[in-house]
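J.: Fold the following.
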Amino acid sequence: MTRALLRDLYTALAAALLVTAAVLVGRHIQHSHHTLFVNWPPLLATWDPHVGPGTPAALVVGAAGVAYGPTLAARLPWRALLAAAWATATAWIASLALIDGWRHGIAGQLTSRHEYLQVIERFDDIPSTLRDFTRHILLESPDNWPAHVAGHPPAAPLTFVLLDRMGLRGGGWAGTWCIAVGATACVAVLVAVRALASESLARRAAPFLVLAPAAVWMGTSADAYFAAVAAWAVALLALAVSRRSLRWAAAAGLLFGLTCYLSYGLTLVALIGSAVLLLGRRHVRERPTLLAVLVTGLAVVPVAFTLAGFDWWEAYHLLVKRYYQGVGGIRPYGYWVWANLACTVLITGLATPPGLRRAGAVLVRPRTEPPGHAHLALLVASALLALLVADLSGMSKAETERIWLPFAVWLLPACAFLSRPRVWLTAQAVLALLLNHLLLTGW
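T.: Residues are numbered from 1 along each chain as shown. Sure thing, here's the model as predicted:
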């Protein structure tokens, strides 16, 4: 066993111990003080060993991904690889969700009292609803919004309103939308890694992006959709700077603007975008109009919502008040500030901490590494920084298994640095299968 592999195993063991500590300490706090408001800390889940209609498919997809994923990722033509990655990720997410059955796993997730589909009828007059949106955020306000609607800018509920207007009504269509769109996040990350680092690193990262344990939550939460929009914003920016394309810069700006109106916390994706601009600074200097076009595209969605009467900053400040009016004001920061990181281990898998260790080593000695490795390490580091800022803010106490999906997908490419990929892929797939079969997740 090489010294590097031994260090990888020690890192994975440390990550597993972090999760174990979060479970044991969390159970003690919840049993003694009842202040965590989760049944199986650090996850919003309940211990419930079960199988379901998605079990056979999940086992097949997981086994096939481990057995053939690395080989296919290395040999398929690039466009075929992207198509295969999306199709396999969709199958993996859907099969895991269906372990809990169609109703609980997919169709019912976005119809609960906290979710977006509860407010469809209140958007009959969209301009009027946008003008009055901030008046219903606080708990004491009349007809206050459900938790998830109050906790996000109006582009989030508007997405499902528009689906409803198109005839795609109900939780089944909403869940299918989140799965199909959310699965494209892995494609976006592959596009960005290829543009900024190298195609070989993107190919090595592909199986880990597809078989990520995050898929357990990608099929049951609108945050999967948010993650995809944010990922494509970064990917299009990567294409813009690598190809010096004004068209891609405009599209990237438009999606960055939309990202900020899907979730307040996703303004931190700007840190990943800044890393992209840093990596492509030579191309930006050669064509400075890229930044002007990017900023112009970025302004479109904010200007549109502002003209419609929605004040992003006012809404955010009201959200902070509401957050501390509810369980956010009770959940102990001292536990969640490190237990959230245990959640990150569970959604990115035991392969990712060793990958991050190797990425850190690359950043320490960038000039001795193969071409592209330092670029990938910097991209991953920017995502880790965004996640840590979100953690320290205190606005992400619990439920980060879904909230941090937009950041987690950018940590997974670090697995491209690992040796023996099938061993680590097996650990990833087994963890996802165990999580979905042993726990009944809340998302």
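
J.: Pull the distance from the longest helix anywhere in the chain to the chain's centre.
T.: In the chain, taking DSSP state H as the definition, the longest helix is helix 3-33. Relative to its parent chain, helix 3-33 has a centroid offset of 22 Å by Cα atoms, centre = their mean, to the nearest Å.

J.: Any buried residues in it, and which?
T.: Residues of helix 3-33 classed as buried: 8, 11, 12, 15, 18, 19, 22, 23, 25, 26, 29, 30 (neighbour count, 16 or more other Cβ atoms under 10 Å). For the C-beta atoms, the positions are set from N, CA and C on the backbone; glycine is no exception.

J.: what's around residue 77, how many residues?
T.: Residue 77: 9 surrounding residues under other Cβ atoms under 10 Å.

J.: Distance-wise, check it relative to residue 235.
T.: Taking Cβ to Cβ, to the nearest Å as the measure, residue 77 falls 19 Å from residue 235.

J.: Just the buried positions in stretch 128-144, please.
T.: By neighbour count on 16+ other Cβ under 10 Å, the buried set for stretch 128-144 is 129, 130, 133, 134, 136, 137, 138.

J.: Can you name the residues in contact with the helix or strand following the longest helix of the chain?
T.: Next in sequence after helix 3-33, counting helices and strands by DSSP states H and E, comes strand 45-47. Contact with strand 45-47 is made by 38, 39, 40, 438, 439, 440, 441, 442, as judged by Cβ atoms under 8 Å, 6 or more residues apart in numbering.

J.: which among these gets closest to residue 374?
T.: The shortest gap between residue 374 and any of the contacts of strand 45-47 belongs to residue 441, at 36.8 Å (Cβ to Cβ).

J.: Return the residues in contact with that closest one.
T.: Applying Cβ under 8 Å, 6+ apart, we find residue 441 in contact with 43, 44, 45, 100, 216, 217, 220, 401, 435.

J.: mind running it again at 7 Å?
T.: The neighbours of residue 441, taking Cβ atoms under 7 Å, 6 or more residues apart in numbering as the test, are 43, 45, 216, 217, 220.

J.: Of these - the most surrounded one?
T.: For these, neighbours tallied by other Cβ under 10 Å; top is residue 217, 33 neighbours.

J.: shouldn't that one be in contact with residue 402?
T.: Yes: the criterion here is Cβ atoms under 7 Å, and residue 217 meets it with residue 402 at 4.7 Å.

J.: Please enumerate the shared neighbours of these two.
T.: Common neighbours of residue 217 and residue 402 (criterion: Cβ under 7 Å, 6+ apart): residue 443.

J.: Give me the below-cutoff pLDDT ranges for the chain.
T.: Confidence mapping of the chain against pLDDT under 70 gives the ranges 1.

J.: Repeat the analysis, applying 90 as the threshold.
T.: 1-4, 113-114, 142, 219-220, 283, 286, 326, 365-371, 442-443 (pLDDT under 90).

J.: hey, where'd the strands end up in it?
T.: Taking DSSP state E as the test, the strands found in the chain are 45-47, 439-441.

J.: among these, which is nearest residue 159?
T.: For those, the distance to residue 159 is smallest for strand 439-441, at 22.2 Å, taking Cβ to Cβ.

J.: roughly how far out does the closest one sit from the chain middle?
T.: Mean-position distance between strand 439-441 and its chain equals 19 Å (Cα atoms, centre = their mean).

J.: Same question for stretch 303-317.
T.: Mean-position distance between stretch 303-317 and its chain equals 24 Å (Cα atoms, centre = their mean).

J.: Identify each buried residue in that stretch, please.
T.: Buried residues in stretch 303-317, counting neighbours by 16+ other Cβ under 10 Å, are found at 305, 310, 312, 315, 316.

J.: Quote the end-to-end distance of it.
T.: Using Cα to Cα, to the nearest Å, the end-to-end distance of stretch 303-317 comes out at 19 Å.

J.: Contacts for that stretch next, please.
T.: Residues contacting stretch 303-317 (Cβ under 7 Å, 6+ apart): 127, 130, 131, 133, 134, 137, 153, 154, 261, 264, 302.

J.: what's the closest of these to residue 190?
T.: residue 261 (25.8 Å).

J.: Which residue is the nearest non-sequential neighbour of that closest one?
T.: Spatial nearest neighbour of residue 261, excluding adjacent residues (Cβ to Cβ, 6 or more residues apart in numbering): residue 155 at 3.8 Å.

J.: The one you found contacts residue 262, doesn't it?
T.: Yes: using Cβ under 7 Å, residue 155 is in contact with residue 262, at 5.0 Å.

J.: So which of the two has more stuff around it?
T.: Between residue 155 and residue 262, counting by other Cβ under 10 Å, residue 262 is the more crowded of the two (26 against 20).

J.: what's the more buried one sitting at in phi/psi?
T.: Main-chain torsions, residue 262, degrees, to the nearest 10: phi -100, psi -40.

J.: and it, what does it touch?
T.: Contact partners of residue 262, counting by Cβ under 7 Å, 6+ apart, are 152, 153, 155, 156, 226, 229.

J.: cool, and residue 422?
T.: Listed by Cβ under 7 Å, 6+ apart, the contact set of residue 422 reads 66, 70.

J.: how much space between it and residue 80?
T.: 21 Å.

J.: before we move on, what about residue 171?
T.: The span separating residue 171 from residue 80 equals 33 Å under the rule Cβ to Cβ.

J.: Among these two, which residue is more densely surrounded?
T.: Neighbours of residue 171 and residue 80, each counted by other Cβ under 10 Å, are more numerous for residue 171; the result is 19 against 11.
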